[in-house]
Structure formats: structure tokens, C-alpha cells
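Asker: show me the folded form of this:
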Amino acid sequence: MGVIAAARIAGRTDVTMKIYEIVGVYDFQPIEAGDTAESFKFRVEVLQDTTRKRRFVARVYRRETFRIAPTFPISDASARESADHEIFVVDDMIGSEEFTGTSKASVVAKVEARVKDCFKVK
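Answerer: Prediction:
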């Protein structure tokens with residue numbers, strides 16, 4: 001059962017839900033963070049409004065490394081190793097700004113300009 005159908009069953013008729021289609025995924029070249037071993041790696045998803053075809057928005061993610069280790073007791077010392085995993089998280093610096101435009105290219109250009117401004121890169 002869809003969300004709109006569920007809302008109608010619940011007695012709501014005023015439900016308007018926006019649906020977006022992912023129309024592009026772009027990975028930016030890693031930006032070195034100076035003396036640290038880390039670099040900033042961004043991914044941008046461009047979404048198109050399915051009801052307004054000339055409305056595009058962007059979601060910005062940053063690839064982060066997390067060290068995962070068991071939180072429960074392990075008696076075997078060799079099994080106590082941790083593992084590093086990279087995952088995408090919603091970026092709270094670049095992605096806090098809303099990026100909208102009338103084309104995929106215009107939205108990507110706005111994100112790129114913001115990244116370049118934040119990191120002082122060309």
C-alpha cells in the first residue's frame with residue numbers, strides 16, 4: 001500500500017507528497033586536508049522533481065571512515081580486531097545549503113562553486 005493510499009485510509013485528503021527521481025550521481029575529486037592523512041571526498045546526487053520537470057535539487061554526501069569494533073566481550077584475542085569502513089554521510093557543511101536549479105548542470109555547478117569556496121581550491 002502506498003503512502004497516499006495509507007493517508008486516505010487514515011482520513012486525510014490533504015496529503016501532497018513530492019517525489020524526486022535521482023537523475024545524476026557525481027563524485028568529486030578528493031580534496032587533500034593538508035598534513036593529515038585524510039581527504040575530503042564528496043558525492044552529489046541530483047534529483048528531479050517528478051511534477052515540475054525543470055526543478056532540480058542536490059543532496060551532498062561526504063565519505064567518512066569509521067573504525068568498527070565489537071562492543072561485546074570476546075575471549076579470543078585474535079578476534080578483537082577492528083575494521084575500517086567507508087560510508088557516505090549527509091554533509092553538514094556543504095550540504096547545509098539548499099542547491100536548486102533548472103538543470104542538472106546548474107545544480108552541480110552550484111555545489112562545485114560552494115566546495116571550491118569552502119576549501120579555497122581552483
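Asker: show me where this protein has helices.
Answerer: Ranges of helices in the chain, per DSSP state H, are 3-9, 104-119.
Asker: looking at those, which one has the lowest mean pLDDT?
Answerer: Among the helices of the chain, helix 3-9 has the lowest mean pLDDT, at a mean of 54.
Asker: low pLDDT regions in the chain?
Answerer: 1-13, 15, 37, 77-80 (pLDDT under 70).
Asker: in the strand ranked longest in the chain, what's buried?
Answerer: Using DSSP state E, we find that the single longest strand of the chain is strand 56-68. Within strand 56-68, the residues scored as buried using 16 or more other Cβ atoms under 10 Å are 56, 57, 58, 59, 60, 61, 62, 63. In short, each C-beta sits where N, CA and C put it, glycine included.
Asker: against residue 115, how distant is the first one?
Answerer: Here residue 56 is placed at a distance of 18 Å from residue 115 (Cβ to Cβ, to the nearest Å).
Asker: over to the fifth one?
Answerer: Relative to residue 115, residue 60 is positioned 8 Å away (criterion: Cβ to Cβ).
Asker: overlap in contacts, these two.
Answerer: Between them, residue 60 and residue 115 share these contacting residues under Cβ atoms under 8 Å, 6 or more residues apart in numbering: 42, 94.
Asker: isn't residue 63 up against residue 31?
Answerer: No - at 11.4 Å, residue 63 does not count as touching residue 31 under the criterion of Cβ atoms under 8 Å.
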